[in-house]
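Enquirer: sequence and predicted structure, then a few things I'm wondering about:
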Amino acid sequence: MAKGITREQIVAAALDLLDDTGMEGLTVRALAARLEVRPPALYWHLRNKQELLDEMGTTVMRRVSTAVSALSPADGWREDLAAYARILRAEFLRHRDGARIFSGTRIADPEVVRMKEPWLTRWTAQGVGLADADDAIDVAVAFVVGFVIEEQERGQSAEADPSRYSVDERDAWLGPDAPLTKEAGHLRDDGDQRFERHLGIVLDGLAARIGA
């Protein structure tokens, strides 16, 4: 693969490497070995690891953009934003540490950034201020990134140590003086139900702020 290597091949190999090793194993040296090139060969295409992460995040967001463009226009901003949040989470979950690679990245494709133009057009026409509309998108993205980072970290930790999040062991550790804290621990759920409940809280808060 060393001869004629492309930027797209580098990013695809990096996503495969991420799935195998996580963020900790995503190094230039490991990526070069997977592509059967010397590390300096990668710098012909990408200046540094941050640019690699930018391209990886952009690749994920292209898939998000494609999925969003296939949706029918919703009746309001809330439905648009909820659909976007679900798609974003699903795409992050396709890769180990998928949300971590996105956090802090700069999207390298203007078509992806323009994805929100139809939303902003519809929402402002419905009476939502432009600043509130843009903030709503940012808040939804921040929520999904944080939720999925925690979701993936907990899942990977539990795989390594199934007793790590034992509620019974936590109850014994807390002792007798925290009955409500212990009860709340038994109420905790994970996965889609928790995501939908928390997303609803975020959307309710935005609705109170936007008032539209």
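Expert: Cool, the structure landed. Residues are numbered from 1 along each chain as shown.

Enquirer: so what's residue 143 closest to, chain neighbours aside?
Expert: Distances taken as Cβ to Cβ, 6 or more residues apart in numbering place residue 202 nearest to residue 143, at 5.0 Å, with adjacent residues excluded. Every residue, glycine included, has its C-beta placed from N, CA and C.

Enquirer: my bad, residue 149
Expert: residue 99 (4.6 Å).

Enquirer: shaky segments in the chain?
Expert: Along the chain, the parts satisfying pLDDT under 70 run over 1-4, 212.

Enquirer: now residue 194: closest residue in space that isn't a chain neighbour?
Expert: Counting by Cβ to Cβ, 6+ apart, the residue nearest residue 194 is residue 188, at 7.8 Å.

Enquirer: ramachandran coordinates for the one you found?
Expert: Note on residue 188: backbone dihedrals following degrees, to the nearest 10 are phi -60, psi 140.

Enquirer: just to confirm, which helix or strand has the residue nearest the centre of the chain in it?
Expert: Residue closest to the average C-alpha location in the chain (Cα atoms, centre = their mean): residue 99, at 3.4 Å. For residue 99, the host element (DSSP states H and E) is helix 98-102.

Enquirer: how far does stretch 125-143 sit from the chain's center?
Expert: 18 Å (Cα atoms, centre = their mean, to the nearest Å).

Enquirer: ok, and what's touching that stretch?
Expert: 76-77, 81, 84-85, 88, 116, 119-120, 123-124, 198-199, 202, 206, 209-210, 212 (Cβ atoms under 8 Å, 6 or more residues apart in numbering).

Enquirer: list buried residues within those residues.
Expert: With burial judged by 16 or more other Cβ atoms under 10 Å, the buried subset of the contacts of stretch 125-143 is 77, 81, 84-85, 88, 116, 119, 123, 199, 202, 206, 210.

Enquirer: hang on, the earlier thing: was I right to think the residue nearest to residue 149 contacts residue 105?
Expert: No - Residue 99 is not in contact with residue 105 according to Cβ atoms under 8 Å; the separation is 10.8 Å.
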